[in-house]
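A.B. asks: Could you work out the structure for the sequence below:
(chains A, B, C, D, E and F)
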Amino acid sequence: MSRFLPSPPLSIAVLVLWLLLVAEFSAGQLVLGIALAIALPLVAGALQPERAHVRRTRAVFVLLARVLWDIVLSNIEVARRILGPESALTPTFVWLPLDLTNIHGITTLASIITLTPGTVSAELSEDRRHLLIHCFNLDDAEQLLATIKARYEAPLKEIFP
Amino acid sequence: MSALAEILLSLLIAIGTFFVLVGSFGLFKLSEFFKRLHGPTKASTLGVGCILIASIAFHGLRGDGLGLREILITLFLFLTAPISAHVMARAALRLSPEQRPPQPPAASATMSKAAESDAQASPAAGRGPDAD
Amino acid sequence: MIESAVLIALHVIGFAMLLSLWRLLRGPTVADRILALDTLYINAIAALILFGMHLRSSIYFEAALVIAMLGFVGTAVLSKYVLRRDIVE
Amino acid sequence: MHAAHCGVSAAWNDMLELLLALPFVLACIVLTVRRVPRSATAWLAGLAPLAGLLVLVALTPQVLNAGGVASSHAWIPQIGLGFSLRLDGLAWMFALMVLAIGGLVVMYAHYYLGEREDVPKFFGYLLLFMGAMLGLVVASNLLLLAVFWELTSISSFLLIGYWSHDREAREGARMALTITGAGGLALLGGVLLIGQVVGSYELDAVLAAGDAIRAAPTYPAILILVLLAVFTKSAQFPFHFWLPHAMAAPTPVSAYLHSATMVKAGVFLLVRLHPALSGTELFFYVVSGVGAITMLVGAWYAIFQHDLKGLLAYSTISHLGLITLLFGLSTPLAVVAGLFHILNHATFKASLFMAAGIIDHETGTRDMRRLGNLRKYLPWTSALAIIAALAMAGIPLLNGFLSKEMFFAQALEVGGSGLVRIAVTVAALLAGVFGVAYSLRFVHDTFLVRTEPKVDREIHEPPRFMKIPVEVLVVVCLAVGVVPAWTIAPVLAAAVRSVLGDATPYYSLALWHGVNLPLLMSLAGVIGGALLYFGLRRLFDLHAVVRRAFGRQVFRRQGLILLGVAREITFRLTDGGLQRSLWWVVIALLGTAIVPVLPAIGDALMRPGQPLPPVGWAVWALLVGGAIATVALHRERLLALIVVGAVGLGVSLVFVFLSAPDLALTQLLVETVTIVLMLLALNYLPQVSERSQTRARRIRDGVVAIAAGAGVAALAYALMTRPGGDTVASELLARSLPEGYGRNVVNVILVDFRGFDTLGEITVFGIAGLLVHALLRRARLMPDALPPDSPAALPMPATLSHLLFPLALAVSVYLFLRGHNEPGGGFIAGLVLAIPLLLQYVLLGSQYVESRLGFDYVRCIGIGLLIALVTGVAPMLLGYPFLTSGHVEPHLPLIGEVPLTSAAAFDLGVYLVVFGGSMLILSMMGTVKHAPPAAPAARPGVQ
Amino acid sequence: MHLPVLAILVPLVFGALALLVERRSIATMRAVGALGLASLLVVAVALVDRAGSGVIDVYLVGDWPARLGIALVADRLGAMLVLATAVLATACALHAASGWDARATHFHALLQFQLAGLNGAFLTGDLFNLFVFFEVMLIASYGLLLSGGRGQRMRAGFHYVVFNIAASTLFLVALGLLYGLLGTLNMAEMALRVSTADPADLALIRAASGVLLVVFCGKAALLPLYLWLPGAYSWAPAPVAALFAIMTKVGVYAVLRVYTLVFGSTAGPLAGWAWDWLLPLGLATLVLATLGALAATTLRMQVAYLVVASAATLFIAFSLGTPDAVGAGLYYLLHSTFVAAALFLVVDLIRGQRGARRDLLDAAGPLHRPALLGTLFAVAAVSIAGLPPLSGFFGKLMILDAVPPGARGWVWSIVLGTSLMSLIALARTGSQVFWRAEPWPAAAPVPAAPSRVQVIATLALLGCGIALVLGGGAVVGYTEAAAQQLLAPEAYIDAARSATPQLRAPSP
Amino acid sequence: MELALASVIGLLTAAGVYLLLRSRSFDTILGLTLLSYATNLLIFACGRVAVGRAPVLREGVAPTLAQHTDPLPQALVLTAIVIAFAMTAVTIVVAMRSRSDNGSDHVDAGDEGEGMP
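C.D. replies: Numbering: from 1, shown residues only, chains lettered A, B, ... in the order given. Next comes the predicted model:
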């Protein structure tokens, strides 16, 4: 977290991105990639109002795997419903109360909610305490909220304290 | 390329294409914006993802050089899809304010704490958000 | 086999594009059209990747990447316009 | 044949130029040197004619003995324009007249002009005119002559309009300029035609080629054009009407212009070109016919004028008609008579004008109805004026008599049929009668009649020196009239010889030729005139006859009609505004490019094409649907914009599928930025188009649009399906890698083969940024609708975009570096850099972003442009052409070979300009200051 | 040896520099601008000097053979126009230096870019490059027109911009078609390929050249495409309007260049097809534009119409197609550029003095220095109306002289008739403005005297017009030689094709 | 393929021309945008179209026109796109200013009175 490396995860991301892009693992590209990995976050950091601090790297991977799996499952579910009769759908809005206070955490949560089919995060209340979610088909709001909180919000609270 | 690989790849392509089609079909078929919103933004992510994996494998197996870089497309889609879905939803809410649900029961700080405790009190078990 | 799979897939994607186009032209709300445009972009990415496989060329990667990375900007800006006329404050 | 008379004497050359230069130089001095005493100005002005006369005198022996002085300088030899001057007898005579009377007018004017007049301006213009007139008479190149001809028109315009506060003066000046200017243009045409026939514009050649001219098929045109010039300038019917209106000028001007100079220019030209043009029936009938009519019309109207100057003006018209008639008759003696009358008319008419001016000056009016019995108040002036008037009437012992006698004699001698002879004789007699009548009226009504003048001031003789010019002229009248052989004969002889050459007839200028028919005609004229005048006085109340200024009304009406037509046509043409212009572009396109070639390419439309690529049909449907929907939805602008976005996507998909990845990328990015731009603008435009055009108009436009579209489609199809030809592309492909060091040939073309285009392109882009900056920098615009009460912040997208931003920057760098070998390059990379940053503007607000990043985009453009330029200039230092590309591969430790091309440096310039330009545009548009809501939207503008 | 490219580079570099020093004082900007113009003048004089000897300089940008890369070609015509532009721009910059340049953001940079665009257009030997420089020139002209403007000027600017964009779009269409058909963009190469084109393609080539003609005529304001011009020009600030005097000439130049070179005498069946159209259109434009000048109610509108008329006169001259006529046309081109520009400046001097009446053709208060302004106006008016003894007269004279007998009747009567009409219009204007003065109302502020710098700028331009008269022989000699060079394009084609790169291999 | 492309070019041209002839500034700008699409496609088509032969040189593929499409029209279109974009930006801004200064987005707004009779 030095002055030159404000956000190591971001720098790593840039480096990985670079190496993937050039599709070539050579000394030259590595040097260039490292240079970019240092320089670009510095530029971008100037625009960032709040710093992201990632703890618990392991939790990140667990969450990632979980989300990917959920995406696959819910995709199938939603596809089934789209192809099925529309009358069977009960779309609803529901407010999710948030425990997360960190904006990065909230954003990640909202992104996960959006990326997993069947739910879309539609709005964040002004005080950042509630997230409005639109559900494709909602039978039990309580259960949904509880699921989200347990499966996603809890690990996120660890990652973004 | 082995036959198995061909079949697998074809399958992957078929699945991906299927999801892309379903997404657009949902957009076409469903009757109201918020329902339609679910189709494309979701099915397309998995659809494109499958096709990408197929493509990576395809080019890798063909010997065009293993290009993992297609992964980046998915990465960027994962970064950007929530943004567009979110702003579109907000735009739709603005266009038809009657659809907007009432403000959360606890808009003030104290009330939101109460809501928080409510949420914690509720059972935390379940498969996922699609477990409806 | 895979060639024909890609070819069929391309036509299916074309059909998906038509469906999105229908929504784009039909509306009824502005948000629907924005959504349709967004979907068209996604469809285009799929089409590009498949086309790259069809021609066995990776030359379309950059285009797909740029759509994935920046295609949403149009959607975002249009939505922001609907939300609040001033896109940039 | 006349050239023989012109001995060219080198020693005298400069004198001729000096003669011509004097008035112009002095005019400039007079006009520019201000704040000198009045009298000094007058002396300066007088210096021109005085010195001119001296020069003339010095040249006289040459003219009289050697036939003339000539000089020539090349000017524009390619068109046969030389600065050729020649002072032969004719020119000498006219120059004498111009200078002598000019000198007298200057003297007269000095006393005439009031205390408050702008004297330098007057004398300046007068000298300009004098110079133009001198130039006219000494020019020996017809083009040069035409130049001076128009100069007289222009300078007379200034002189006539001298009292510019007076509406009459302004109108008179414009009328004179219009009529004589038109004549000048006709002269130009005639001169050009003569030049085509003769092959030269030099006077000698032209005069020598009279037979050729007369035989040329263009002779009638030449004659008519030249005569138009003559008639307009000399105020011949039906162009005579400008002259009376020119009387609004100060009297010295009238005295000068309408006695000795301006109107004489016309007849001068007639006599100048007489050897070349005369001698045909056409010439005879037209010139003498017009002359005769003018003579009678002018004389008749002169009788009914109440204004002294008006009477003199009409009499001038009449006398010029007489001169014209004489030249029309064309017999050698008629020419002699004409020349003689030119001189005589100049003297008596100048003195009459001056006398009229004195009367005006002293009584404050020129209206004969208010004047009378002036011999009592102005005895000396009256005497002078009466003598001059008698000369005008052609009373013996005065010069007018002599030339009139000669005129009568020629009228009797005229050839042609009996009818013509009778007509001319009768006209001559009538002219004599009328002439006496108006002269009588002038004398009688002004000086002799016993009614007291109705003026409110004391009348007394003018200053001594004001009368001197009149006296001089009257003395000349008398002297010529009494002893012509001793006074005028040599002058006339020189002039006549230079016109007629060997054909110079014997003539006698004696006062008394015995009792002959002309004398009887003169007598009849005098008696008839007296009878007419007194008869008219008795029968009608002459003073009650009010002449409507018919000519002026016609002129005004014509002018109004012309103006009206002009306004109507112009208004109708420009009525449609922008749409009309664009409509015509489309029509012109259809007319020149599409309709004429459609039949020829009909076959091409039958040629088969290639099959569609797999998704082609969907892209086709997207484009077709999008295009139609854009038209259908265009009034709801936001919707139209979304559809246009889809069309843009379709276009880039076309590029992708048809092997143009670079284009596809560029199209996609530009599309995105364009949509943002349009949305930014839409905020300040109405959201919905009003339908302001009629249905018929829309249908018409639709038909035109479809025609244009069909035409373009046909052309495109014919082009695409024709068998491929030889293009430079094969060479480009072959040389791209070995010489351009790049695999992406499109990029190599952009930065190397045709890097110069790209330099221009980024200049355009940069300027667009500057322009937007300039237009919006201080502007305050009114948004179309007040922003809805929606929250501004979008925290979650903002957070995500933070993550996106550095990654996008990396992609931008990648595209830039890879551009030479893979799709990409400076332009694409620049936009990939700009769009994520733009997104930051959108999601975070401009103030925030600018306070954090603080780019100076204008400098960014400047630096980028300079980098591109410096890259291009560098090889010039080594002696290679601009933008010659170089390539090095230095070996760096750890990294290895690094391929560096100068094209990459050039591309860096592109990158910076594109980034700077697009950000400048977007940030300026995004940060427009709003006009205060209270202010109406109509008038914000720049503060 | 770098002369042709320097004519483009010098203004580009100074334009970029002007952007960098923008934060400094206006004096610095002016110094940069002046330095740029001075250098450009030197380059231009050298170019004319070199081209005057009949050399056709071909400059291979990037050291690529002409048909692969972009070649600049400096022949007499190009060099002459570069010099004319530089002189004109100097006067305009001088005029602007009395204050307008401080009010119009980026003025100096835009002016330099405009010059780069103009010079590029005049010198390039590549059709697409011509398009690019057209665009540089146009966008800079939008900037000059609109920067610092407001109100109605914005509307006029919108018209100008949209019309030109539409025309540029067509330009591209034509370029695309021509490249598709001929496989090259280099004009010399094109000329060669047109002459050997497959007869089956002739119709398409004809169509492409038709599109091109529409484009150029639109820019040069020929009937029916001139309607945009009076509005745009009459709303331009004076120094810019004066600079615009050369903008229509660029269109004329392009017609002349392309239709003598590519579709000129060497073009086989397509040779000179365009000229048949241009004569009647030119005549009609001349009449309508002169009527417009008569009908105009403002001074600037009148001048703008006269600019259209002068472009039409040029078309008449060029469409006659003989060396004499083209030479005369080129002389007239120089004349009309300088004098129309001068007239715009004079009108501005007058306008600034007339209080609320501005340039409406109506009586207003007396002017300061009426003699000076009147003389300036008179000289410019006499010249532009084609009266002697000024340049307009000689230009028209030469054009008339060169009309072949067959066309004489129409051409002469129209050219002379319109001369008369413009004379009437200008006489009316002069008498309204200078003679019909009413005293200022007591309350109205009496306007300040005309700025000395502006007067000098105007005088300089009028001086150029007079120099054209005094040095008529030399100038006509040059223009006639230029015309001959144009009408015999073989030398140009040869020079461009045979130019060999220094390093690289020539094209086979 | 050629027929499809030609018809699209024609249709875009027609739509562009029609919109260009409308009397509101925004419509005109939309028309110009469509026209520039049509033009770009046309220039591009003039190089003769082919699928899968991008002018990017690869090892083992001969650098000839048989293996690659004509790169020059593509370069031209690129330039054209960029210039069109710059011009669009300018037009839009002028339209904004014109509307704001003259109170109407009609392209001839406030044309009455001054200038012409």
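
A.B. asks: Name the residues of the stretch 251-400 of chain E found near chain B, please.
C.D. replies: With the criterion set to C-beta under 8 Å from any C-beta of the partner chain, the stretch 251-400 of chain E never comes near chain B. Backbone N, C-alpha and C define where each C-beta goes, glycine included.

A.B. asks: give me the residue from the stretch 251-400 of chain E nearest chain B.
C.D. replies: The stretch 251-400 of chain E approaches chain B most closely through E:V262 (45.2 Å), counting by C-beta to the nearest C-beta.

A.B. asks: What's the separation between that residue and chain D?
C.D. replies: Per C-beta to the nearest C-beta, to the nearest Å, E:V262 is found 15 Å from chain D.

A.B. asks: Repeat that for E:T285.
C.D. replies: To chain D, E:T285 is 11 Å away according to C-beta to the nearest C-beta.

A.B. asks: before we move on, what about A:A79?
C.D. replies: For A:A79 relative to chain D (C-beta to the nearest C-beta), the value is 21 Å.

A.B. asks: Counting neighbours, what do you get for that residue?
C.D. replies: Other residues lying near A:A79 total 23 when counted by other C-beta atoms under 10 Å in any protein chain shown.

A.B. asks: looking at it, it is touching B:L21, isn't it?
C.D. replies: No. Judged on C-beta atoms under 8 Å, A:A79 makes no contact with B:L21 at a distance of 9.5 Å.

A.B. asks: How many residues are close by the residue of the stretch 251-400 of chain E closest to chain B?
C.D. replies: For E:V262, using other C-beta under 10 Å, the count is 27.

A.B. asks: correct me, but it touches E:E189?
C.D. replies: No. Judged on C-beta under 8 Å, E:V262 makes no contact with E:E189 at a distance of 9.6 Å.

A.B. asks: For the residue nearest to E:R206 when sequence neighbours are not counted, grab phi and psi.
C.D. replies: Leaving aside its sequence neighbours, E:R206 sits nearest to D:V597 (C-beta to C-beta, 6 or more residues apart in numbering or on different chains; 5.5 Å). Backbone torsions for D:V597, taken as degrees, to the nearest 10, come to phi -100, psi -10.

A.B. asks: My understanding was that D:V597 contacts E:L204; is that so?
C.D. replies: Yes. Under the criterion of C-beta under 8 Å, D:V597 makes contact with E:L204 at 6.9 Å.

A.B. asks: Might you enumerate the residues of chain C proximal to chain F?
C.D. replies: Residues of chain C lying close to chain F (C-beta under 8 Å from any C-beta) are C:L55, C:S57, C:I59.

A.B. asks: let's see it at 6 Å
C.D. replies: Counting by C-beta under 6 Å from any C-beta of the partner chain, the positions of chain C adjacent to chain F are C:L55, C:I59.

A.B. asks: State the distance from the residue sitting nearest the centre point of chain F to chain B.
C.D. replies: Of all residues in chain F, the one closest to the mean position by C-alpha atoms, centre = their mean is F:S36, 0.8 Å from it. In this view, F:S36 and chain B are 27 Å apart by C-beta to the nearest C-beta.

A.B. asks: Check which helix or strand the residue nearest to that residue when sequence neighbours are not counted maps to.
C.D. replies: In space, and not counting its chain neighbours, F:S36 is closest to F:A84: 4.1 Å by C-beta to C-beta, 6+ apart. Using DSSP states H and E, F:A84 falls within helix F:71-102.

A.B. asks: what's that helix packed up against?
C.D. replies: helix D:661-682, helix D:745-748, helix D:755-776, helix E:127-146, helix E:152-182, helix F:25-46 (3 or more C-beta pairs under 6 Å, 6 or more residues apart in numbering or on different chains; DSSP states H and E).

A.B. asks: any chance of the ones you listed in TSV, with mean pLDDT too?
C.D. replies: What follows is the helices and strands packed on helix F:71-102, written out as TSV (pLDDT from 0 to 100):
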stretch	mean pLDDT
helix D:661-682	90
helix D:745-748	90
helix D:755-776	91
helix E:127-146	93
helix E:152-182	90
helix F:25-46	91
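
A.B. asks: Go through these and pick out the most buried.
C.D. replies: helix D:745-748 (a mean of 32; mean count of other C-beta atoms under 10 Å in any protein chain shown).

A.B. asks: Dump that one to CSV, keeping only the CA atoms.
C.D. replies: Extracted as CSV, the C-alpha positions of helix D:745-748 are listed here (Å, rounded to 0.1, in the frame of the first residue of the first chain):
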residue,chain,number,x,y,z
VAL,D,745,-1.5,-2.9,-44.0
VAL,D,746,-4.3,-0.5,-43.2
ASN,D,747,-2.3,0.9,-40.4
VAL,D,748,0.8,1.1,-42.5
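
A.B. asks: Distance-wise, check the spatially closest residue to D:R691 that is not a sequence neighbour relative to F:L35.
C.D. replies: Spatial nearest neighbour of D:R691, chain neighbours left out: D:R635 (6.6 Å); criterion: C-beta to C-beta, 6+ apart. D:R635 sits 19 Å away from F:L35, taking C-beta to C-beta, to the nearest Å as the criterion.

A.B. asks: How about C:F72?
C.D. replies: Distance, C:F72 to F:L35, using C-beta to C-beta: 28 Å.

A.B. asks: Are the lowest-mean-pLDDT helix or strand in chain C and chain A in contact anywhere?
C.D. replies: Lowest by mean pLDDT, DSSP states H and E among the helices and strands of chain C is helix C:61-83, with a mean of 87. No. Using C-beta under 6 Å from any C-beta, we find that helix C:61-83 stays clear of chain A, coming within 8.3 Å at best.

A.B. asks: what helices or strands is that helix leaning on?
C.D. replies: Under the contact definition 3+ C-beta pairs under 6 Å, 6+ apart, helix C:61-83 sits against helix B:70-95, helix C:30-55, helix D:661-682, helix D:826-844.

A.B. asks: Those helices: which one's closest to E:G157?
C.D. replies: helix D:661-682 (15.1 Å; C-beta to C-beta).

A.B. asks: ok so, going back, determine how far the least confident helix or strand of chain C lies from the middle of the whole chain.
C.D. replies: Averaging C-alpha positions (C-alpha atoms, centre = their mean, to the nearest Å) puts helix C:61-83 10 Å from its chain's average.

A.B. asks: can you list the residues that contact that helix?
C.D. replies: B:73, B:76-77, B:80, B:83-84, B:87-88, B:90-91, B:94, C:30, C:34, C:38, C:41, C:44-45, C:48-49, C:87, D:645, D:656, D:661, D:664-665, D:668, D:672, D:675-676, D:679, D:790, D:808, D:823, D:835, D:839, D:842 (C-beta atoms under 6 Å, 6 or more residues apart in numbering or on different chains).

A.B. asks: Nearest spatial neighbour of the residue in the stretch 251-400 of chain D that chain C sits nearest to, chain-adjacent residues omitted?
C.D. replies: Taking C-beta to the nearest C-beta, chain C has its nearest neighbour within the stretch 251-400 of chain D at D:V253, 70.5 Å off. Spatial nearest neighbour of D:V253, excluding adjacent residues (C-beta to C-beta, 6+ apart): D:L159 at 4.7 Å.

A.B. asks: Now for that neighbour, how many residues are close by?
C.D. replies: There are 26 residues near D:L159, going by other C-beta under 10 Å.

A.B. asks: For the strand or helix carrying it, name the packing helices and strands.
C.D. replies: Using DSSP H and E, D:L159 maps to helix D:142-160. Helix D:142-160 makes packing contacts with helix D:119-138, helix D:167-198 when contacts are defined by 3+ C-beta pairs under 6 Å, 6+ apart.

A.B. asks: Kind regards, and thank you for your time.
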